[in-house]
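Undergrad: Pasting the sequence and the predicted coordinates here, then a few questions.
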Amino acid sequence: MRLLSLCLLLVGSFPMVAARPTLAAEPGLRKAISANQPMWVRAPLDTSPRMLGAGYDEQFSAYDAEGQAHRLYPNKFRSTKIDRYDVQFVQIDDALKLKAAANFLFASAGVQTSTTKRYVWMQVYHLTKVVSLVRRGKPRDQARLVAEKLYYGNAFNVIISGEGSRFTTDVAAKLRSGGGNLSTFARKHRLEIKFVTDGLRLKKGAHVPMGQDPSKVRAAFMEGRPQPIFVEFMPMKQMFTKPIAWSTAKLTPGKYKLTRVTFDVARTKSSGRPWDAFGGAPDPLIVVAIGRAEPTTLCFAKNAYDGKCHPEKVFDLKEGVRLTFAAIDKDVRDNDTIGETVPFDLLKSGTPFRSIPVKTTGQLRSLKIMVEPVR
């Protein structure tokens, strides 16, 4: 209550190997993808619809050790025009994804695979046509994967890599959330970026958009003639593969920035009476006290029961220091208590770049925060 008291004062060519029976679940392996769950792979430039219906193994190869191909379905397909701009992120978290990326993407970008590094494939693309396999009857042969669809258009592929100790799940989540400049983000987190263009070229002076806004994609890139850019493979049976573990960053003593606060307050006072004399919503003021320091204002919302703000407050996080957030209904004459959070040790309560829920009391129904390290 001390805090409240104070506040109230204020997917080249395809390599080929044998098609074998479906891999069984073994120790050290985990389910990667289920049957009929599609998987995109960068398409080599000489790819054509002739590959649709062909069988492939987990190395994305269509020939066995004797050089024999395994066709599962006749090469019958249909073509559909589409017009889709998008930005997607593929986090490489298992051996199957890594093999696909290494075969069809990394080599073109000059990226060397390493067991100590982690990778994200960022796809910026404009799709203009999809050619889809028309399955007829039961499969003629056995294989792990079948080439199901071929997408045409223009793409700009970005390979983002970094040492596993730095490129954590939290940094990857921040990357996928969009916003900002990719080059600046990479420098901040000491990541490497490599590019492979498939008809989509960055305009002079433009930056790679990290968000999924089609207008920004169109504004940043020039396009060439449509070409095959992605192949969609479909597993014929459940498959298993080795996981690639991503580390979760931990909060350690140091300097942090409070980047987001979201809150929700009860619709009435604890007495059941409305916050406003005329029955309206309160005017929540959110403050924080770090340790024994005086509270600092973070957010203010007029006539609102909930809200979100980005205070960008920088503070030092030390061992044993507790944080307390409080909400008051700010009025011209008298401020009313809404509620506060139970004092907590942030070092033991969450991870950077992720929403951290905080236990609340009173009429403060919920409060969540997000922090990131300042280097």
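TA: That came through fine. Remember, predicted model here, so these are calculated numbers, not experimental data.
Undergrad: in the chain, which strand has the most residues?
TA: Ranked by residue count and defined by DSSP state E, the top strand of the chain is strand 145-163.
Undergrad: I'd like the distance from whichever helix or strand comes after that strand to the chain centre, please.
TA: Counting by DSSP states H and E, the next helix or strand C-terminal to strand 145-163 is helix 169-176. In terms of CA atoms, centre = their mean, to the nearest Å, the centre of helix 169-176 is set 6 Å apart from its chain centre.
Undergrad: From Asp86, how far off is the most centrally placed residue in the chain?
TA: Centroid-nearest residue in the chain, with CA atoms, centre = their mean: Arg176, separated by 3.2 Å. Going from Arg176 to Asp86 by CB to CB, to the nearest Å gives 13 Å. In short, each C-beta sits where N, CA and C put it, glycine included.
Undergrad: ok so, going back, just checking, the residue nearest to the centre of the chain touches Val90?
TA: No: applying CB atoms under 8 Å as the test, Arg176 and Val90 come out as separate, 10.0 Å apart.
Undergrad: Next, show the common contact partners of the two.
TA: Val120 (CB atoms under 8 Å, 6 or more residues apart in numbering).
Undergrad: Which of the three states applies to Leu98?
TA: When classified by DSSP: H, G, I helix; E, B strand; the rest coil, Leu98 comes out as helix.
Undergrad: and it, what is it in contact with?
TA: 92, 113, 119, 244.
Undergrad: tell me the contacts of the first one?
TA: What that stands for is Ile92. Counted by CB under 8 Å, 6+ apart, Ile92 has contacts 98, 101, 118-121, 244.
Undergrad: Secondary structure element holding Ala326?
TA: strand 322-329.
Undergrad: Distance from that strand to the middle of the chain?
TA: Distance, centroid of strand 322-329 to centroid of chain: 31 Å (CA atoms, centre = their mean).
Undergrad: cool, and stretch 329-346?
TA: 34 Å.
Undergrad: for stretch 39-55, same thing?
TA: With CA atoms, centre = their mean, you get 26 Å for stretch 39-55.
Undergrad: then it to CSV, C-alphas only?
TA: Extracted in CSV, the C-alpha atoms of stretch 39-55 (Å, rounded to 0.1, in the frame of the first residue of the first chain):
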residue,chain,number,x,y,z
MET,A,39,6.1,-28.0,-45.9
TRP,A,40,7.5,-25.2,-48.1
VAL,A,41,11.0,-25.4,-49.7
ARG,A,42,12.6,-22.8,-51.9
ALA,A,43,12.4,-23.8,-55.5
PRO,A,44,15.5,-24.1,-57.7
LEU,A,45,15.4,-21.9,-60.8
ASP,A,46,15.0,-24.9,-63.2
THR,A,47,12.0,-26.3,-61.3
SER,A,48,8.9,-27.2,-63.4
PRO,A,49,5.5,-28.7,-62.8
ARG,A,50,6.9,-32.0,-64.1
MET,A,51,8.1,-32.7,-60.5
LEU,A,52,4.5,-32.7,-59.1
GLY,A,53,3.4,-36.2,-58.1
ALA,A,54,7.0,-37.5,-57.7
GLY,A,55,8.0,-39.1,-54.4
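Undergrad: What's the mean pLDDT across it?
TA: Model confidence over stretch 39-55 averages 91 on the pLDDT scale.
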